[in-house]
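Visitor: Below is the sequence, then the predicted model.
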Amino acid sequence: MSSLFNELLMTADHFLQWQNDQEILHDLVGGKKFPLPARDPAFFRVLVNVTMAVKRHLGDSELASSIRGQAVVVDDYTVIHPDAIVAARFAARPAPVLVFELVGSGPRAADIVRRSVAARRLPTVREHVSVDMAARAIEVRRRDDAGHWKTLTFSEGEMAELASIDLRLDVAAAFKGLDAPDPRLSGQEFLDWDADEDCKHEFIDGRIVSMTGAKFGHVTTCINLSTALNIHLLNTPCRVLMADFRLQGAGQNYYFPDVSVTCEPLTADHVAMQSPLLLIEVLSKSTRAKDRGVKREEYLRIPSLREYVLVDCVKRRIDIHRRGPDGAWSLHQFIADAPLRLESLDLEIPAAFVFANVPMAA
């Protein structure tokens, strides 16, 4: 019976592969999956306040902070996504010394308790910090050398003692900006926070979205498209950019399109383009809804944009949203062997080139 029960539980390795295809984050606790609730802009305001203080303190040390989206493997059947951690920089599987959870901004109490208990089972964790947004207090659970946990609570006007990284954190500063009529982060505040981050993040309506690595078929399709575009645009003022360069949307949002073309002048100091001519997103299971939803809505509001292309490697289908001379958008589909026609660049790319070396199950 025990063997049969274990077969019904999801392992950590299986979960990590499964999670990569999901639109929302989940925790795995005891072999069972639990979806994580969405967080509001106030959560990200406090998260940035806290992690900025941690980053300034750590500097270029061997330790680094990372936020929600970083998977922490607890055991063979448990994987959690704490709100923030401090662990060795660039670790393949992080072993945090410090774990942060933000309380009072959306998550159910059971979610916090379940993840907190799992985090404290990690032998590397020296402190578990709960940042209570409602009480404006910080609770620090600290493990001593004997393995016993002691709880300390710090209120506004006090400095929370984080002994694991030798930091005194100003409690009031952690909640700075929460009382503003609109507590969401500005685009510039996000860029300031993100400037020295080790991982890539998008910024959408005051929320920070951690980005994960892409699969082989996705990457190959992007390379194929950028190669064709680069050849076509050689010796022109326009340039092709891939997913490591940001796009500033019609507002204060920031994205990383898979492939883009812009003719705007860019210098070494630019952190984002603002006037793309062409944007391409290669669909994946985890990004499909966002690419067809919030990104499409914002991309089509960019005045310079002429075409927005969605590429489905699995279905061998390409959808193009094309702006006409009157400013109206129309949808054009290319299926199977039909070549990709980009009117904005007067370019036709054969389907065989777009999907060259891309497996059918990309």
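Guide: Thanks, I have it. Numbering: from 1, shown residues only.
Visitor: Three-state assignment for the nearest residue to Trp18 once chain neighbours are set aside, please.
Guide: Nearest residue to Trp18, sequence neighbours excluded (C-beta to C-beta, 6 or more residues apart in numbering): Met10, at 7.3 Å. C-beta: built from backbone N, CA, C; applies to glycine. Of the three states, Met10 takes coil under DSSP: H, G, I helix; E, B strand; the rest coil.
Visitor: and what of Ala172?
Guide: Ala172 ends up helix, using three-state DSSP.
Visitor: switch to numbering from 51
Guide: With the count now opening at 51, the last piece we talked about shows up as Ala222.
Visitor: hmm, back to that, just the pLDDT for the residue nearest to Trp68.
Guide: Here the pLDDT value assigned to Met60 is 96.
Visitor: if I read this right, it contacts Lys83, doesn't it?
Guide: Yes - taking C-beta atoms under 8 Å as the definition, Met60 is a contact partner of Lys83 at 6.5 Å.
Visitor: follow-up on the earlier one: give me the number of residues near the residue nearest to Trp68?
Guide: The tally of other residues near Met60 (other C-beta atoms under 10 Å) stands at 16.
Visitor: repeat for Asp195
Guide: Neighbours of Asp195 using other C-beta under 10 Å come to 5.
Visitor: how about the residue nearest to Trp68, what does it touch?
Guide: 68, 78, 81-83, 127 (C-beta atoms under 8 Å, 6 or more residues apart in numbering).
Visitor: Please enumerate the strands of the stretch 51-200 of the chain.
Guide: 76-79, 82-85, 113-117, 122-125, 128-130, 134-138, 148-153, 177-182, 187-193, 199-205 (DSSP state E, counting those that start in this stretch).
Visitor: Determine the set of other helices and strands touching the shortest one.
Guide: Applying 3 or more C-beta pairs under 8 Å, 6 or more residues apart in numbering; DSSP states H and E, we find strand 128-130 packed against helix 62-69, strand 76-79, strand 122-125, helix 159-170.
Visitor: Recalculate using a threshold of 6 Å.
Guide: If you count contacts as 3 or more C-beta pairs under 6 Å, 6 or more residues apart in numbering; DSSP states H and E, strand 128-130 packs onto strand 76-79, helix 159-170.
Visitor: same question, the third one
Guide: Here strand 113-117 touches helix 91-108, strand 134-138, going by 3+ C-beta pairs under 6 Å, 6+ apart.
Visitor: list the buried ones in the first one?
Guide: Within helix 91-108, the residues that count as buried by 16 or more other C-beta atoms under 10 Å are 92-105, 107-108.
Visitor: do the same with stretch 68-85
Guide: So for stretch 68-85, counting by 16+ other C-beta under 10 Å, buried means 69, 75-79, 81, 84.
Visitor: Stretch 105-119 too?
Guide: Neighbour counts over stretch 105-119 (16+ other C-beta under 10 Å) mark 105, 107-108, 113-119 as buried.
Visitor: Likewise for stretch 246-256?
Guide: Buried, per 16+ other C-beta under 10 Å, within stretch 246-256: 247, 251-254, 256.
Visitor: Just the closest of these to Ala402, please.
Guide: Glu252 (31.8 Å; C-beta to C-beta).
Visitor: what number of residues lie near Trp199?
Guide: What Trp199 shows, counting by other C-beta under 10 Å, is a neighbour count of 11.
Visitor: check contacts around it.
Guide: 191, 193 (C-beta atoms under 6 Å, 6 or more residues apart in numbering).
Visitor: Repeat that for Glu208.
Guide: Here Glu208 is in contact with Val221 (C-beta under 6 Å, 6+ apart).
Visitor: With Ala184 instead?
Guide: Gly154.
Visitor: distance of the residue positioned nearest the centre of the chain from Arg191?
Guide: Nearest to the mean C-alpha position of the chain, by C-alpha atoms, centre = their mean, lies Ser260 at 1.3 Å. Remark: distance between Ser260 and Arg191 (C-beta to C-beta, to the nearest Å) = 25 Å.
Visitor: State the pair within the buried residues of stretch 105-119 that is farthest apart.
Guide: Across the buried residues of stretch 105-119 (C-beta to C-beta), the longest gap, 21.8 Å, separates His107 and Gly119.
Visitor: Backbone dihedrals for Ala185, both of them.
Guide: The phi/psi pair for Ala185 (degrees, to the nearest 10) reads phi -80, psi -10.
Visitor: pLDDT value on it, please?
Guide: 94.
Visitor: Over to Val359?
Guide: With respect to pLDDT, Val359 has a value of 98.
Visitor: Could you measure from it over to Ala141?
Guide: From Val359 to Ala141 the distance is 36 Å (C-beta to C-beta).
Visitor: For the two, work out which one has more neighbours and name it.
Guide: Using other C-beta under 10 Å, the more surrounded residue of Val359 and Ala141 is Val359, with 23 against 13.
Visitor: So that one, which state does it fall into?
Guide: strand.
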